[in-house]
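J.: missing the sequence, but the structure's below:
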């Protein structure tokens, strides 16, 4: 039996999952594809024509890093972030499901705390980058959008981690919420 709160949270979390997987994930993949194309264009320009864009290397580097920062949230939403699950797997096989739920709860709490702190303390850093107008090495691009991408990724991970924490709290209580959402760590291929 689900409460009205669970129904509302379920709808919000589904929307967040859609936004994260379909929009943010595809946006990050598109940026990565564009960077690969630009890098290949730079290789051709350098070795065939002997010229390059002076900003090309900076653009490729910073945009690839930004797409990775943004994609962090997609991996968090899928619970496929880097984690060592050997202990959880052993405990689960031995029948200690309740302990596994508690460990996931602790993990989600630590993750939410870290992501939230990073987003909170990262905002003044981005603001300072905007004010100072710090530039890349080639002095063509400002750095704050790349810092903002990192901040956006961590803020989105914090929001996702809050839903995952709620899911883990309910699992400890023996209640299943978000049955459609990922609960196991790892990427299913």
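T.: Sure, I can see it. All values derive from a computational prediction rather than experimental measurement. Residues are numbered from 1 along each chain as shown.
J.: Any buried residues in the lowest-mean-pLDDT helix or strand in the chain, and which?
T.: Using mean pLDDT, DSSP states H and E, helix 86-93 stands out as the lowest-scoring helix or strand of the chain, at a mean of 82. Neighbour counts over helix 86-93 (16 or more other Cβ atoms under 10 Å) mark 88, 91 as buried. (C-beta placed from N, C-alpha, C; glycine too.)
J.: how distant is the longest helix anywhere in the chain from the center of its chain?
T.: Longest among the helix segments of the chain by residue count, using DSSP state H, is helix 97-132. A distance of 11 Å separates the centroid of the chain from that of helix 97-132, by Cα atoms, centre = their mean, to the nearest Å.
J.: who does it touch, helix- and strand-wise?
T.: Under the contact definition 3 or more Cβ pairs under 8 Å, 6 or more residues apart in numbering; DSSP states H and E, helix 97-132 sits against helix 86-93, helix 144-172.
J.: if we compare those, which one ends up closest to residue 115?
T.: For residue 115, the closest of those is helix 144-172, at 3.7 Å, according to Cβ to Cβ.
J.: and the direction of the helix or strand containing residue 68 versus that of helix 97-132, what angle?
T.: Using DSSP states H and E, residue 68 sits in helix 56-77. Using axes from the mean of the first three to the mean of the last three Cα atoms, to 10 degrees, the direction of helix 56-77 lies 150 degrees away from that of helix 97-132.
J.: What mean pLDDT does helix 56-77 get?
T.: Across helix 56-77, pLDDT averages out at 90.
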